[in-house]
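> fold the following, please.
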Amino acid sequence: MPEVIIVNLNPALDRTAIVKRYNPFGVNKAERLVVLAGGKGANVGRALKTLGYNDYICSGIIGGKIGEIFKKKIEEEGINNDYFWINGETRVAYATYEESTGLGMITNEIGPEISDREIEDFTGFLIKKYLPLVKMFVLSGGAPPSFPPERIYRIVDRFKREGKEIFIDTSGKILKTSSRVGTFCIKINEEELKEAFDIDISDGKSLLNLYKKLYTIGTRWFIVTRGERGAIFISEESIIEGTNRKLYSKYSIGSGDAFYSAVIYGRLRGLPPAEILKLAMACGTANTLSFGGCIFRMEDVTRIMEEIDIRILPN
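I've put the predicted structure just below:
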């Protein structure tokens, strides 16, 4: 019986080609290929499994021949899952990266068309099957254009009204709309902060005012990642900044999801925010050492945690 449901409304089959030298203007010949069930939700499930936590279920919407391959891949990895099938075709995310540096590019398809009937049936599937079981609802990633943000809000709100802890990592209109629920945790990057709330990460006063506004409706953790410059974790107790002393690669697919997974894990294990931030940053950095979203080793996480500096900022 899972205690966490991880919902990704737009999963993808991830195909990552690794080349000796990346050429942005010409042909890139793959030396090897990494194919995974991807999208942020599957990545989070993969990372939680690596962290040693298995009381979760990954869900979302899949369909078509690509959906069948996605399902086969996620089953092969032993990632707990229960997806809802639709008539449309699951998207593919293509990436090409240079092996020695991690430099490269990503091309994401937008995702399948989803009918109103399929949205209603999917909503009913989640609520009937998982609302009575789980204690945490995790929204991970975006949605195809045909899945309106207000419909996502209704799903998140229903779980919130039943006393479930809500964690979200999304962007744009979905982020802005879903945050009105009063989610326990919002984890975003600085670009998503700017897009959804029109706040620059350097504007500490506006950032703190946003947190205070969200706090009044239930948000307790507000976390902003800043890529190579670390992350900021705001809670009711403190504002914590984490920075990396050492960087290993520019490869970043899944690093935000690895970070997010550690935040979820830390909450489930009752860890303090400073320890959670250090673990999350270590997972995100360890992810850059291997190609494929949320493919990392715990021995690397343990080592990298010693290379992360944590400091408390003034309120």
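> which helices and strands sit right next to the helix or strand encompassing Thr16?
In this structure, Thr16 sits in strand 12-19 according to DSSP states H and E. On a contact count with 3 or more C-beta pairs under 8 Å, 6 or more residues apart in numbering; DSSP states H and E, strand 12-19 meets strand 32-38, helix 64-76, strand 91-98. Every C-beta, even on glycine, is put in place using the N, C-alpha and C of the backbone.
> repeat that with 10 Å
strand 32-38, helix 40-51, helix 64-76, strand 91-98, strand 104-108 (3 or more C-beta pairs under 10 Å, 6 or more residues apart in numbering; DSSP states H and E).
> distance from it to the middle of the chain?
18 Å (C-alpha atoms, centre = their mean, to the nearest Å).
> list the contacts of the residue nearest to Leu271 when sequence neighbours are not counted.
Distances taken as C-beta to C-beta, 6 or more residues apart in numbering put Leu279 closest to Leu271, at 7.3 Å, once the chain neighbours are dropped. For Leu279, the contacting residues are 51, 259, 261-263, 265-266, 269, 271, 301-302, 304-305, 308, by C-beta atoms under 10 Å, 6 or more residues apart in numbering.
> before we move on, what about Arg117?
Arg117 neighbours (C-beta under 10 Å, 6+ apart): Ile86, Asn87.
> now the helix or strand hosting it: mean pLDDT?
In this assignment (DSSP H and E), Arg117 forms part of helix 116-130. Averaged across helix 116-130, pLDDT comes to 98.
> next structured bit after that helix?
strand 136-140.
> which strands border that following strand, and is each parallel or antiparallel?
Strand pairing for strand 136-140, using DSSP bridges, gives strand 4-8 (parallel), strand 165-169 (parallel).
> for that strand, list every residue counted as buried.
Met136, Phe137, Val138, Leu139, Ser140 (16 or more other C-beta atoms under 10 Å).
> which of these lies closest to Thr16?
Here the nearest of these to Thr16, counting by C-beta to C-beta, is Ser140; it sits at 19.2 Å.
> so who does the closest one touch?
Per C-beta under 10 Å, 6+ apart, neighbours of Ser140: 6-9, 11, 39-45, 58, 60, 167-170, 187, 256-257, 260-261, 264.
> residues near Phe291, how many?
Phe291 has 23 neighbours, counted by other C-beta atoms under 10 Å.
> revised request: answer the last question for Thr216.
Counted with other C-beta under 10 Å, Thr216 comes out at 8.
> does it really touch Gly182, like I thought?
Yes. With contact defined as C-beta atoms under 10 Å, Thr216 reaches Gly182; the gap is 8.3 Å.
> so what sits against both of these two?
Shared contacts of Thr216 and Gly182, counting by C-beta under 10 Å, 6+ apart, come down to nothing at all.
> can you give me the neighbour number for Ser202?
Quick note: Ser202 (other C-beta under 10 Å) scores 8 neighbours.
> wait, is it part of a strand?
No. Assigned with DSSP: H, G, I helix; E, B strand; the rest coil, Ser202 falls outside any strand and is coil.
> distance of it relative to Met281?
For Ser202, the distance to Met281 (C-beta to C-beta, to the nearest Å) stands at 20 Å.
> for the chain, what helix or strand is lowest in average pLDDT?
The weakest-scoring helix or strand in the chain, judged by mean pLDDT, DSSP states H and E, is strand 104-108 (a mean of 91).
> name the nearest residue to Leu139, sequence neighbours excluded.
Going by C-beta to C-beta, 6+ apart, Leu139 has Ile168 as its nearest residue, at 4.4 Å.
> right, and that neighbour touches Asp157 too?
No. Applying C-beta under 10 Å as the test, Ile168 and Asp157 come out as separate, 11.9 Å apart.
> so for these two, which residue has more residues nearby?
Under the neighbour definition other C-beta under 10 Å, Ile168 and Asp157 were set side by side, and Ile168 has more, 26 against 15.
> leaving out the residues flanking it, which one is nearest to Ser261?
Closest residue to Ser261 apart from its sequence neighbours, by C-beta to C-beta, 6+ apart: Ala47 at 3.5 Å.
> how near is the one you found to Ser202?
Computed as C-beta to C-beta, the Ala47 to Ser202 distance reads 29 Å.
> what mean pLDDT does stretch 138-148 get?
Regarding stretch 138-148, the rounded mean pLDDT is 96.
> quick one: buried residues of stretch 10-17?
Buried residues in stretch 10-17 (16+ other C-beta under 10 Å): Asn10, Pro11, Ala12, Leu13, Asp14, Arg15, Thr16, Ala17.
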